[in-house]
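>>> here you go, sequence then predicted model.
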Amino acid sequence: MHTIGTPLMWVAFTIIVIIALAADLFVLRSKGPHKVATSEALKWSAAWIALALLFNVGLWWYLRGPLGDEQAKHIALQFFTGYLVEKALAVDNIFVFLMVFGYFAVPPVQQQRALIYGIIGAILLRTVMIFIGAALIQKFDWVLYIFGAFLVFTGVKMLWGVGDEPDIGSNPALTWIRKRLAVTSEYHGTRFVIRENGTRWFTPLFVVVMMIGITDVIFAVDSIPAIFAITDDPFIVLTSNVFAVLGLRALFFVLAGMADKFHLLAYGLATVLIFIGVKMLIMHFWHIPIGAALVVVALAIGTSMVASVLFPPKNKEVD
C-alpha cells in the first residue's frame, strides 16, 4: 500500500492523538460533569483547529527534506483540503447528535461525557474503514468510480430530503440495542452500567454513546470516500479524518445553539458531496487541482452559511 507515512510518522501521529485524548479526558474528569458554556467550547474548538494546523505545518516541514518543497506543499494542501471537507461534513453529524440528545433527554452535564467516548469509538471504527478503503483502491482502482457515483447519489438524496428530520425512534440500530440489552429508564449519573439484584443493566447514557458511534460511522460512509477523491494515501486520509473528528465535541457545543440559524447548510454539504463525486468520476479524463477543489468546498459551505443568516426561515422571527 503506497503511502508517505514512515514508521516514525505513524508513531508520532499515534502519540499526538493519544496525548490529545488523554488531555481531553483529564480535563473532563478534573472539572467533573458540567454544562459546557459557549466560551469554553470556543476555546477548545480553537485549540483543536490549532493542533490540526500545527500538525500540517510539521508535516510540510518534515517532508521538505526527502520529497522537496513543492511536493511537501502539495501534500500539506491535500491534508488541509481533506481536513476542511471532513470538518464541514462533520457539521451534519452534530445536528443529528442534537436530535439523539433530545430524544434521550440527555442531561446537559452528561452530554460531553457521551460525546468524548462516542468520538473515541468513532476514531477506532473510521481507522478500520479507511484501511479497508485504501486496500480496495490499491487492488481495484475502479472502486473510485463506485465511490464517486455513491457520493453523487448521496448528495442528490440530501438535496431531495432537505428539511426532513431523521426518526431516531425507528432507527434499526436503536431497535437492535433495545431488543438485546436491558436498559434502565433513568440516568445514573455518569455510569454506563449498573447492577441491581444481580442483574446487569445498561443506562441510557451507554445507549447514547453507542448511537453517537453508529451515527458517525453512517456519516463516515459518505465522508471517507469524499477524501479519497483528494488523495488515496492512507496516512493523509486517516490523519485529516482523525483531526477533524477530535474537535467534534467542542464544535458540538459551539453549534448546539445555532442549529436553526444554519438551516441552508444542508444545501452546501450536498453541493460538496456532488462536486467531489463528480471530481472522482472524471479524474481520469480531467484532473481538478487540489487548490481549486479547496476553493469550491469553502465557497459551498461559506455561501450556505451566509445565506442562512441573510434568509432566515420564514416560519421563525429574527431576534
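Cool, got the structure.
>>> now stretch 78-94: mean pLDDT?
Across stretch 78-94, pLDDT averages out at 82.
>>> what of stretch 120-138?
Here the average pLDDT along stretch 120-138 is 83.
>>> and the helix ranked longest in the chain, what does it pack against?
Using DSSP state H, we find that the single longest helix of the chain is helix 69-103. Identification of packing neighbours for helix 69-103 by 3 or more Cβ pairs under 8 Å, 6 or more residues apart in numbering; DSSP states H and E yields helix 38-67, helix 108-139, helix 204-228, helix 234-246, helix 248-255, helix 265-281, helix 290-310. For the C-beta atoms, the positions are set from N, CA and C on the backbone; glycine is no exception.
>>> how far out from the middle of the chain is that helix?
Per Cα atoms, centre = their mean, to the nearest Å, the displacement of helix 69-103 from the mean C-alpha position of its chain is 6 Å.
>>> with distance to residue 188 and mean neighbour count added, can I get the helices and strands packed on helix 69-103 in JSON lines?
Output for the helices and strands packed on helix 69-103, formatted as JSON lines (distance: least, Cβ to Cβ, whole Å; neighbours: other Cβ atoms under 10 Å):
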{"stretch": "helix 38-67", "distance to residue 188": "25", "mean neighbour count": "16"}
{"stretch": "helix 108-139", "distance to residue 188": "10", "mean neighbour count": "18"}
{"stretch": "helix 204-228", "distance to residue 188": "8", "mean neighbour count": "22"}
{"stretch": "helix 234-246", "distance to residue 188": "28", "mean neighbour count": "24"}
{"stretch": "helix 248-255", "distance to residue 188": "22", "mean neighbour count": "23"}
{"stretch": "helix 265-281", "distance to residue 188": "36", "mean neighbour count": "22"}
{"stretch": "helix 290-310", "distance to residue 188": "39", "mean neighbour count": "16"}
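>>> now distance to residue 154 too, for these, in a markdown table please.
Converted to a markdown table, those look like this (distance: least, Cβ to Cβ, whole Å):
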| stretch | distance to residue 154 |
| --- | --- |
| helix 38-67 | 25 |
| helix 108-139 | 15 |
| helix 204-228 | 5 |
| helix 234-246 | 17 |
| helix 248-255 | 20 |
| helix 265-281 | 5 |
| helix 290-310 | 15 |
